[in-house]
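Engineer: Provide a 3D model corresponding to the input given below.
(chains A and B)
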Amino acid sequence: MLASKRGVAVIGLLVIASMVITACGPTPAPEVVEKVVKETVVVEVEKEVEKVVEKEVEVVVTATPVPEVVEKQLTIYHWWTAGGERQAMDKIFEWFNKKNPDTEIVDNPVAGGGGITLKTVLLGLLAAKIPPDTFQSLSGAEIKQYVDGNYIEPVDDVWEAQDLDTNYPPVIGKMTLFDGKHYGIPMNAHRANWLFYSKKVFDELDLTPPTTVDEMIAVAETIKEEKPDVAPIAIGTREKWPAVFLFDVVLLSTGGPDVYEKFYTGQLDVKTDPDVRTALEKYEELIPYLYEFHGAKTWSDIVGPMAEGEMAMMVIGDFAAGLLVQAGYVEGTDWDAVGFPQEPEEVFLMIVDTFVQPVGAEHPEATTAWLTNLTDPEMQGEFNVIKGSIAIHKDVPDSTYPDKLHQEASKAFKSKRIVPASIHGVLAPPAFLSDWQDILTRFLYSPDVDRALDEINNSMTLSNAAEASEWYWAK
Amino acid sequence: MTYTRTHIFLFLTPLVVIVLLMYGMMAWTVAVSMDNWVGMAPVWQFNGLQNYVTLFGMERFWINLKNNLIWLVVFIPPTAVLGLLLAYGLELSGRAETLFRPLFLYPLALSFVVSGTVWAWMYDPDAGVINNILRSIGLGSLSQPWIADPREATFCLIGAAIWQYTGFAMTLYLAAIRDIPREIIEAARVDGASDAQIFRYVIVPNTGHATMIVIAMLTLFTLKVFDLVWVMTFGGPGNSTEVFSFFMFVATFRQQLVGIGAAISVVILILAIAVVVPYAWWSMRRLQT
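Structural biologist: All right, here's what the predicted structure looks like:
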């Protein structure tokens, strides 16, 4: 009996020891990456059969390898896996295959919005010096990390061949330019500063969409009084980042785009600068009007209730339009959207998807062909209609898009000031952005402006935000 | 066939390689924790204990520590006790055991991502099943914001983990109960002991070794808990439900403060050793006496 107990105990201790060990490494590497290698080997077989003993046969096999038949390949990593995104990616593949029929695409989609999971996977691949031929990133602070790690190459050849200085707005060039060289080819832009609203609620109360945060608060107050069951401002912060979308429009409204750019690039002394304090105080004023249980919901959980009229307004990117249309809600009938804020200046707050050329890519010609394909205005038009973003090539007409929201986005992109969004590490350094989401969601539950300013200051110091953002202010 | 030294060498080599690899990785993590590695590519710049100083200076670190301790205290006792009660219940249930055992074990087979998503739906303050049941039976006043409330959210996560891990504790206890000689239980029954008395005076004292394993393994689970936090709350609201493993992942891969991420790993290692080694040593001694 005792022996059996000891046996159980010893086995238990062994299990414990192994768990202790696994508990301590930088464990969570949730993705296993397999590299697909295609190899065609022609084998010539020569058989020489000799009877040794009865029923026993000795077979001599000689293999003569012939030179490996190298197929043209393009290994690609990206995060477009959701409904709509996947189909949009297939559209790029279709165009690429049409232009490069000899090249086989080896597709490696890694799910996870904004590419956080993909980044984890890439970190391993790049460090191990087995990079793909191209991968997806975001222009700005995000690709700067790869430039700093010396993991990606300049793509000035494609940039110049396609005359992107002329065909793309200057700010797009700025977002990929480090030390005088372009390190990525952007292909589409999402607008982050839309105010979606419920037509039902706004029509019933005869309200007009607000143009500033003060107006937003006034409209919210009216809704709260007239329709106490309706949450005036829809927001879901379970994934945290929508809290940044809401703050961004507050900062644009109270401080304007210059302050916005300076804040996210660490140029302001947040503890003394009045602009950030004012924005936080205004943000605090919004809290009583937010959907009460925002911490339990994601943004996609609440666009439906907003279109149904259970909530009234929502600040989110244009990708929400795709979800609304998919769910059967009609633009102009159930919901509508306006660029927000419109005072002191309406801007196009931009997120840019980009592809890059890794150092040591196995098939650089295929990468060049891929990047060149991305700049094709026709391809960009077809892709963006499905993706729910807008093309950045100036030759894509506004009428390409079937819906009003994207037509307006396209117009705004060509006529308004383009400001890189903080979100997804486009403008703000990713290390700060991660803390920033925590700071803002905490603030929404326990608003304390001084504490928040301290937290911002600490995080900006830790992430070295000012130095990390010097690229943005370089001439 | 006789075994030679070569055989011994052959058999031991894989084990030695695995052990060296593990300890090598641990040593590497400790080395990285003393480097000023920020960014994607390795930066081998010795930084002493600066990463630890930075870490201990963060409010976030102490929130994480508090949450890890809450997990230890609130998660383990109910899981172990429920596991023991269920195991004894199954033991008494006779043939019904074949039906119930898989039912209780089933949650363990689920991925935490699946169970986390389901529990997040259940905890939804508006549409979630928990609040709706409370409202439908007239207890609407007891409905809660659950994961939307920073003060409650960690306990909600623990609730999901208890649901998932009770079957695991039950299985270990069931094996331990089956290990008890039948004569003892039968003798107690002949002496007129009730089921409750048998539980108190026979089952509990004779399953101490299983308790040791259950507690040690659940402790390690709490130090590693990651998926549930990631899926259900993403560490929020704010940082209110963050635990060390989550912080380590975010710092290393999201923020690319790799040195600080490694320092958090080392803290997890120290905690794991600090909790488990004395406990295991004490339990082994108790077992021997």
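
Engineer: In space, what's closest to residue 162 - neighbours in sequence excluded?
Structural biologist: You didn't pick a chain, so chain A it is. A:Thr375 (4.3 Å; CB to CB, 6 or more residues apart in numbering or on different chains). Backbone N, C-alpha and C define where each C-beta goes, glycine included.

Engineer: please go with chain B instead
Structural biologist: In this structure, B:Ile162 finds its nearest non-sequential neighbour in B:Thr79, 5.1 Å apart by CB to CB, 6+ apart.

Engineer: residue contacts, A:Tyr197?
Structural biologist: Counting by CB atoms under 8 Å, 6 or more residues apart in numbering or on different chains, A:Tyr197 touches A:Pro209, A:Met306, A:Ala312, A:Met313, A:Met314, A:Trp335, A:Asp336, A:Ala337, A:Val338.

Engineer: which ones among those are found in strands?
Structural biologist: A:Ala312, A:Met313, A:Met314, A:Trp335, A:Asp336, A:Ala337, A:Val338 (DSSP state E).

Engineer: burial count for the first one?
Structural biologist: It refers to A:Ala312. When counting by other CB atoms under 10 Å in any protein chain shown, one arrives at 27 neighbours for A:Ala312.

Engineer: what about stretch B:33-43, how long is it end to end?
Structural biologist: 11 Å (CA to CA, to the nearest Å).

Engineer: count of neighbours near residue 224?
Structural biologist: Chain wasn't specified; assuming chain A. 16.

Engineer: ah, I was thinking of chain B
Structural biologist: 19.

Engineer: same thing with A:Leu405?
Structural biologist: 26.

Engineer: Next: the one 3 residues further on.
Structural biologist: A:Glu408 has 19 neighbouring residues, counting by other CB under 10 Å.

Engineer: Isn't it up against A:Gly339?
Structural biologist: Yes. Judged on CB atoms under 8 Å, A:Glu408 makes contact with A:Gly339 at a distance of 7.1 Å.

Engineer: And what about A:Tyr77, helix, strand or coil?
Structural biologist: Three-state call for A:Tyr77 (DSSP: H, G, I helix; E, B strand; the rest coil): strand.

Engineer: My guess is it contacts A:Thr120. True?
Structural biologist: No. Between A:Tyr77 and A:Thr120 there is no contact under CB under 8 Å: 11.4 Å.

Engineer: Between the two, which has more neighbouring residues?
Structural biologist: A:Tyr77 (25 against 20).

Engineer: That one: what's it in contact with?
Structural biologist: Taking CB under 8 Å, 6+ apart, we find A:Tyr77 in contact with A:Asn108, A:Pro109, A:Val110, A:Leu118, A:Val121, A:Leu122, A:Leu125, A:Pro132, A:Thr134, A:Phe135, A:Gln136.

Engineer: Which of these fall within strands?
Structural biologist: A:Asn108, A:Pro109, A:Thr134, A:Phe135, A:Gln136.

Engineer: Do I have it right that the first one meets A:Pro132?
Structural biologist: To tie it back to what came earlier, the one meant is A:Asn108. Yes. When contacts are counted by CB under 8 Å, A:Asn108 is listed as touching A:Pro132 (6.8 Å).

Engineer: which residues are common contacts for these two?
Structural biologist: Joint contacts of A:Asn108 and A:Pro132 (CB under 8 Å, 6+ apart) are A:Thr75, A:Ile76, A:Tyr77.

Engineer: want to try JSON lines for these, with distance to B:Ala160 as columns?
Structural biologist: JSON lines is the format used below for the shared contacts of A:Asn108 and A:Pro132 (distance: CB to CB, whole Å):
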{"residue": "A:Thr75", "distance to B:Ala160": "39"}
{"residue": "A:Ile76", "distance to B:Ala160": "37"}
{"residue": "A:Tyr77", "distance to B:Ala160": "32"}
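
Engineer: of those, closest to chain B?
Structural biologist: Closest approach between these and chain B, by CB to the nearest CB: A:Tyr77, at 14.7 Å.

Engineer: For the closest one, which non-adjacent residue is closest in space?
Structural biologist: A:Phe135 (4.1 Å).

Engineer: Return the residues in contact with that neighbour.
Structural biologist: Contacts of A:Phe135 (CB under 8 Å, 6+ apart): A:Ile76, A:Tyr77, A:His78, A:Leu118, A:Leu122, A:Phe355, A:Val356, A:Pro358.

Engineer: Including pLDDT, could those go into CSV?
Structural biologist: CSV is the format used below for these (pLDDT from 0 to 100):
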residue, pLDDT
A:Ile76, 96
A:Tyr77, 95
A:His78, 94
A:Leu118, 89
A:Leu122, 90
A:Phe355, 96
A:Val356, 96
A:Pro358, 96
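
Engineer: neighbour-wise, which of the residues you listed leads?
Structural biologist: Of the contacts of A:Phe135, with other CB under 10 Å as the count, A:Val356 tops at 27 neighbours.

Engineer: List the pairing partners of the longest strand anywhere in chain A within its sheet, with orientation.
Structural biologist: Using DSSP E, we find that the single longest strand of chain A is strand A:347-358. With DSSP bridges as the test, strand A:347-358 is paired with strand A:134-138 (antiparallel), strand A:152-153 (antiparallel), strand A:185-191 (antiparallel), strand A:417-420 (parallel).

Engineer: List the buried residues of the helix or strand just after the shortest one.
Structural biologist: So that's strand A:152-153. Later in the chain than strand A:152-153, the nearest helix or strand by DSSP states H and E is helix A:156-161. Buried residues in helix A:156-161, defined by neighbour count with 16 or more other CB atoms under 10 Å in any protein chain shown: A:Val158, A:Trp159.
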